[in-house]
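Visitor: Starting from these lines, generate the structure:
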Amino acid sequence: MPELSVVIPVYGCVECLVTLVARLRASIEPLTEDFELILVDDRSRDGAWDVLRRLAHDEPRLRAFRLSRNFGQHAAITAGLARARGRWIVVMDCDLQEPPELIPRLYAKAQEGYEIVRTSRRGRRHSPLRRWGSRAYRQVFLESGGDAEYSTLSIISRKVADAFLTLGDRDREYLLMLDWLGFSSATVEFQHADRHAGASTYTVRRLLRVVFDGMFFRTTVLLRLIVGAGVLVAVAGIALGAFYTYDKLVSDSSPPGYTSLAVLILLLSAVIIISLGVVGLYVGRIFEQVKNRPMFVVAEEIDPAMPAHPAVDATVTGSPPQTSSRP
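Guide: Presented below is the predicted three-dimensional model:
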């Protein structure tokens, strides 16, 4: 069991990889020589796998895995955690906006007795609109009281990694799952850096998809909002009925006509149709979950002699963790 594993999902950052590995080695070697680098190619289209092959030839502590297709950042993180063997596991992005030089600080903080040490960005290199949207997404839609500036860069203990791998959620987000797991945690602040090379693959369309998935499938807040809207419509209907009853008994001055009735029917019909649509979306995700398909599929490995952690069975299939070795 290595002292330290570093798990990095790779997508759209081929120009960062050589510098990334060099800076990782320079940052970790003063801490321990007993470490491993696990880079998971999420089927990047920029030739990242060829670069990983060359890097693995020069660095025997680098293990690389290529997924069969693009499964997404958080599935790639899960694949890396399933292969990591370290007592402590660092998770970070590949674009070098999170400096590898921060790892010694995270490791030192973890030695104080924390199972999870996160990082919080200061001077975030994103637009004000994106920062505001991220904060609203986390605090309103996901009802999380955590820091909206948390970054992927973090260190977790073996115990936390094992617990993470027992979670069978298909719609997953690494940081939110850490929040759910609990465990003792601390936070280290750092200055957010510019991207080393290339551009972010999180386009407006992809960001909206993340928000959509979060609203609908990582929380039941939307269902509760629909129930609240139904209660408001019911209260409004009762109040309107009481008003017309009072007006009929007292003055009978209400003009004849069906305009108000038509508007109410359209409003109620819209609420009913939207509600059924939202419930249908939830049922669709339940259908996808109960298929029990693998969360990811590894197509190629560098250093395949290294066995996966036993909890990979739970990660891939969503079943309880097995005691047997990797199938």
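Visitor: helices or strands up against the biggest helix by length in the chain?
Guide: Criterion DSSP state H: the longest helix present in the chain is helix 259-290. Packing partners of helix 259-290 (3 or more CB pairs under 8 Å, 6 or more residues apart in numbering; DSSP states H and E): helix 204-217, helix 221-250. Every residue, glycine included, has its C-beta placed from N, CA and C.
Visitor: Could you rerun that using 7 Å?
Guide: Here helix 259-290 touches helix 221-250, going by 3 or more CB pairs under 7 Å, 6 or more residues apart in numbering; DSSP states H and E.
Visitor: any idea how far the longest helix of the chain is from the chain center?
Guide: On the basis of CA atoms, centre = their mean, to the nearest Å, helix 259-290 sits 27 Å off its chain's mean C-alpha point.
Visitor: Counting neighbours, which bits of it end up buried?
Guide: For helix 259-290, the neighbour count (16 or more other CB atoms under 10 Å) marks residue 278 as buried.
Visitor: One more: stretch 224-243?
Guide: Result for stretch 224-243 [16+ other CB under 10 Å]: buried residues residue 226.
Visitor: Ok, stretch 65-85 next?
Guide: 65-67, 71-85.
Visitor: by contact count, what packs against the helix or strand hosting residue 178?
Guide: Secondary structure assignment for residue 178, by DSSP states H and E: helix 174-181. The criterion is 3+ CB pairs under 7 Å, 6+ apart, and the helices and strands that helix 174-181 contacts are helix 158-165.
Visitor: what mean pLDDT would you report for the helix it packs on?
Guide: On average, the pLDDT along helix 158-165 is 93.
Visitor: what do you get for stretch 182-189?
Guide: For stretch 182-189, mean pLDDT rounds to 88.
Visitor: how far away is residue 98 from residue 33?
Guide: Per CB to CB, to the nearest Å, residue 98 is found 23 Å from residue 33.
Visitor: Have a look at these two and say which one is more surrounded.
Guide: A count of neighbours by other CB atoms under 10 Å puts residue 98 above the other of residue 98 and residue 33, at 21 against 11.
Visitor: For the more buried one, list the residues it contacts.
Guide: Listed by CB atoms under 7 Å, 6 or more residues apart in numbering, the contact partners of residue 98 are 92, 119, 151, 152, 153.
Visitor: Now the third one: which helix or strand?
Guide: When you say that, I think you mean residue 151. Applying DSSP H and E as the criterion places residue 151 in strand 150-157.
Visitor: which helices and strands sit right next to that strand?
Guide: Against strand 150-157 (3+ CB pairs under 7 Å, 6+ apart) you get strand 88-91, helix 103-110, strand 116-122.
Visitor: Mean neighbour count and distance to residue 48 added to these, as a markdown table?
Guide: Output for the helices and strands packed on strand 150-157, formatted as a markdown table (neighbours: other CB atoms under 10 Å; distance: least, CB to CB, whole Å):
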| stretch | mean neighbour count | distance to residue 48 |
| --- | --- | --- |
| strand 88-91 | 26 | 18 |
| helix 103-110 | 18 | 22 |
| strand 116-122 | 20 | 24 |
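Visitor: could you redo the ones you listed as a markdown table and give each row mean pLDDT and distance to residue 275?
Guide: Below are those laid out as a markdown table (pLDDT from 0 to 100; distance: least, CB to CB, whole Å):
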| stretch | mean pLDDT | distance to residue 275 |
| --- | --- | --- |
| strand 88-91 | 94 | 38 |
| helix 103-110 | 92 | 45 |
| strand 116-122 | 86 | 37 |
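Visitor: could you redo those as CSV and give each row distance to residue 270?
Guide: Output for the helices and strands packed on strand 150-157, formatted as CSV (distance: least, CB to CB, whole Å):
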stretch, distance to residue 270
strand 88-91, 43
helix 103-110, 50
strand 116-122, 41
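Visitor: And residue 168, how far from residue 303?
Guide: 27 Å.
Visitor: Sorry, slip of the keys, the one I care about is residue 42.
Guide: 19 Å.
Visitor: so which of the helices and strands packed on strand 150-157 gets nearest residue 157?
Guide: strand 88-91 (6.2 Å; CB to CB).
Visitor: Figure out how far the helix holding residue 178 is from the centre of its chain.
Guide: 8 Å.
Visitor: Alpha carbons only: can I get that helix in CSV?
Guide: This file holds the C-alpha atoms of helix 174-181, laid out as CSV (Å, rounded to 0.1, in the frame of the first residue of the first chain):
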residue,chain,number,x,y,z
TYR,A,174,-17.4,14.1,-6.1
LEU,A,175,-17.6,17.1,-3.7
LEU,A,176,-21.3,16.6,-2.9
MET,A,177,-20.7,12.9,-2.2
LEU,A,178,-18.0,13.9,0.3
ASP,A,179,-20.5,16.2,2.0
TRP,A,180,-22.9,13.4,2.3
LEU,A,181,-20.4,11.0,3.7
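Visitor: Report the central residue of the chain.
Guide: Geometric centre of the chain, nearest residue: residue 173, 1.7 Å, by CA atoms, centre = their mean.
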